[in-house]
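**Student:** build me a model from this:
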Amino acid sequence: MKRFLKTAAISAGFALTALALLLTPACKKKQEEPVLAKATLRITCWEGYAEPYVDAFKQLVKDKYQLDLDIQIHNPTDQDEFFEAVKNNTADLISPPIELPQTPRFYSFTAGNEFVQAVDVANIPNLQKLLPVFRDDQTAFHNGKRYGVPYNCGPYGLSYNTEVVAAAPDSWNILWDPQYAGKYTINNNFPKVNVWITALALGYQYDDIFDIKRLDRAKIQEKLNVLAQNAKSLWDGSANPDEFPQLALATDWGFATAQANAKGGKWKLASPKEGGTAWIDAWYIGAGAQGMTKILAEEWINFMLSEDQQADVVKAQGVTPAIADVGDRLSAEQKAAFHVGDNDYFSTVALWRVMSEETEEAFNSMWEEAKQHRQ
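**Tutor:** Numbering: from 1, shown residues only. Have a look, this model is predicted:
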């Protein structure tokens, strides 16, 4: 009997202790914390376009949609990977050059076999903040509907090491100056950009460089061969900032120059008198993204057009944001250097255009021939 009473007392004690624990704030909070539904967003984008913003976006989704979001990121080195990602439905979002889905090789709008889909502009209110030149660019539209949303813009620019090149170069022809042979790097996997700068160096105008029929192919080939032959290196994806201390000149999207300077380099972007070309990278949603996945993709696009993320386009990437105003998040010097809000600037450069299949094939062939001259 005493043993029974003792056992009962112990059992009652455990029960009271358990009850007390359940009534403590910590346990109460744990009990009330909901189990969130899960979602996944697959993003194929250039390096640096997504990774720094994942945590903030996950929190946004958690607060707004009560979803536990998994973001899967793939960084390509070639634009072909963007097309393959939406063609094979391995990405919900891609960040290619804005004209890519319209180009013959990557055409994505064949009726009944679309690879990208129109965005619901009502879900992207920050579209209203776009700089007019980006907002009105029809490259992102098909049959009157918006498919692509501009994210950032930058040059295929000429950068120079101020510790080696004393005066700012005023012409693309500096790349053919014998004293810089073996002291510059140029792109490899976008053949057209090297054809364009070679044509500009020869005196061709913007309306000429996007059409092989308006160019003297043999004349350009001869000069292009020298450009490839004398380059210290060719880069895919983005130039290598770790190589910059060994160089005098570089062609660059803008990213590597910013990274090289962050590591102590003293590089600047030149303004060749012949002008230059500028790319726009845009967000596109793959045709396979449906339901909540599409909504989350549009939420991501809107998030990336917010002032904080757009200011970071300058700070982290060293290129131009797509929106017109980022407030006081950048200095006056930064805004001027990266043409923030300067709509008129973009009339002085040639934004990349959709080219014919004949022209694309010709430029690819010309670059392959040029590389044969490398030792």
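**Student:** residue ranges with poor pLDDT in this protein?
**Tutor:** Across the chain, the ranges flagged by pLDDT under 70 are 1-34.
**Student:** now do the helices in it.
**Tutor:** Assignment of helices within the chain using DSSP state H yields the ranges 2-23, 25-32, 54-65, 80-87, 132-135, 191-201, 206-209, 217-230, 255-262, 292-304, 307-312, 332-337, 357-371.
**Student:** most packed of the ones you listed?
**Tutor:** Comparing the helices of the chain by mean neighbour count (mean count of other Cβ atoms under 10 Å), helix 191-201 ranks first with a mean of 24. (Glycine included, C-beta is placed from N, CA and C.)
**Student:** packing partners of that helix?
**Tutor:** On a contact count with 3 or more Cβ pairs under 8 Å, 6 or more residues apart in numbering; DSSP states H and E, helix 191-201 meets strand 184-187, helix 206-209, helix 217-230, strand 249-252, strand 277-286, helix 357-371.
**Student:** distance of the residue nearest the centre of the chain from Tyr184?
**Tutor:** Geometric centre of the chain, nearest residue: Trp46, 4.8 Å, by Cα atoms, centre = their mean. To Tyr184, Trp46 is 23 Å away according to Cβ to Cβ, to the nearest Å.
**Student:** with Lys145 instead?
**Tutor:** The gap separating Lys145 from Tyr184 is 43 Å, by Cβ to Cβ.
**Student:** those two: who's more crowded?
**Tutor:** Tyr184 (23 against 12; other Cβ atoms under 10 Å).
**Student:** who's in contact with the more buried one?
**Tutor:** The contact partners of Tyr184, taken as Cβ atoms under 8 Å, 6 or more residues apart in numbering, are 175, 230-232, 247-251.
**Student:** highest neighbour count among the residues you listed?
**Tutor:** Highest neighbour count within those, by other Cβ under 10 Å: Ala250, with 29 neighbours.
**Student:** wait, isn't that residue in contact with Thr185?
**Tutor:** Yes - using Cβ atoms under 8 Å, Ala250 is in contact with Thr185, at 4.9 Å.
**Student:** now for these two: what residues contact both?
**Tutor:** Ala239.
**Student:** mind giving me the domain ranges of the chain?
**Tutor:** Domain ranges of the chain: 37-153+280-341, 157-275+354-371, per automatic domain parsing.
**Student:** so which of these gets nearest Thr348?
**Tutor:** Closest approach to Thr348 among the domains of the chain (Cβ to Cβ): domain 157-275+354-371, 6.7 Å.
**Student:** measure how far that closest one is from the centre of its chain, please.
**Tutor:** Relative to the centre of its chain, domain 157-275+354-371 is centred 20 Å away, using Cα atoms, centre = their mean, to the nearest Å.
**Student:** quick one: end-to-end length of that domain, please.
**Tutor:** Taking Cα to Cα, to the nearest Å, domain 157-275+354-371 runs 21 Å from one end to the other.
**Student:** do you know how far Cys306 is from Ala37?
**Tutor:** Quick fix: residue 306 is Ser, not Cys. As defined by Cβ to Cβ, Ser306 lies at a distance of 25 Å from Ala37.
**Student:** nothing else from me, thank you.
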